[in-house]
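Participant: My questions are about this predicted structure, shown below with the sequence.
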Amino acid sequence: MDTLRRTLYLQAAVWAIAGIALAAVPEWLLPHLFGQPFRLSREVAWIRLLGVESIGLSMLMVLVAHRVEELWWWSWAFAMVNVAFAAIVVLNAGFGLEEHESRIFWWTFSGVAVAFALGMLYGLFVSSREQPIP
């Protein structure tokens, strides 16, 4: 349970920080870190919404982490999101980047996403051995 709890807390912190940054300063964050051109001003609303959703997801991760002994199997929802998220980021880093986009940052982002997905899956594996699904 400790592995799953630590993974949930760590990932919640990362999602919250990323969400705050995306909600507050997407015009600065995307061009400077990701090398993404900021073409349309109407994109800002979607990016800010993603930031707010990331903050909400991180809050749910903390709630589950607080009661992980009883609700560890709820983490499967986060695991599915992590695996899909990692797949999308890796595929984008491998095949979807344009010339001016930061390859180093996207591959770093991919590594972090894969690490969180593997950490969550490992935590779920260990937790399922300690306590079966009710």
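Facilitator: Received, thanks.

Participant: and the gap between Ala113 and Met61?
Facilitator: Look at Ala113 and Met61: by C-beta to C-beta, to the nearest Å, they are 15 Å apart. C-beta: built from backbone N, CA, C; applies to glycine.

Participant: Please state the offset of the lengthiest helix in the chain from the chain centre?
Facilitator: Counting residues, the longest helix in the chain under DSSP state H turns out to be helix 103-130. Chain-centre distance of helix 103-130: 10 Å, with C-alpha atoms, centre = their mean, to the nearest Å.

Participant: got it, and stretch 127-134?
Facilitator: Mean C-alpha position of stretch 127-134 versus that of the full chain (C-alpha atoms, centre = their mean) differs by 24 Å.

Participant: now stretch 72-83
Facilitator: Chain-centre distance of stretch 72-83: 11 Å, with C-alpha atoms, centre = their mean.

Participant: contacts for it?
Facilitator: For stretch 72-83, the external contacting residues (C-beta atoms under 8 Å, 6 or more residues apart in numbering) are 1, 4, 8, 11, 57, 61, 64, 68, 113, 116-117, 120-121, 123-124, 127-128, 131, 133-134.

Participant: Show me which of those are buried.
Facilitator: Neighbour counting by 16 or more other C-beta atoms under 10 Å classes 4, 8, 11, 57, 61, 64, 68, 113, 116-117, 120-121, 123-124, 127 among the contacts of stretch 72-83 as buried.

Participant: Count the neighbours of Phe95 for me.
Facilitator: Each residue near Phe95 was counted by other C-beta atoms under 10 Å, and the total is 7.

Participant: Quick check: Val14 vs Glu99, distance?
Facilitator: Distance from Val14 to Glu99, by C-beta to C-beta: 28 Å.
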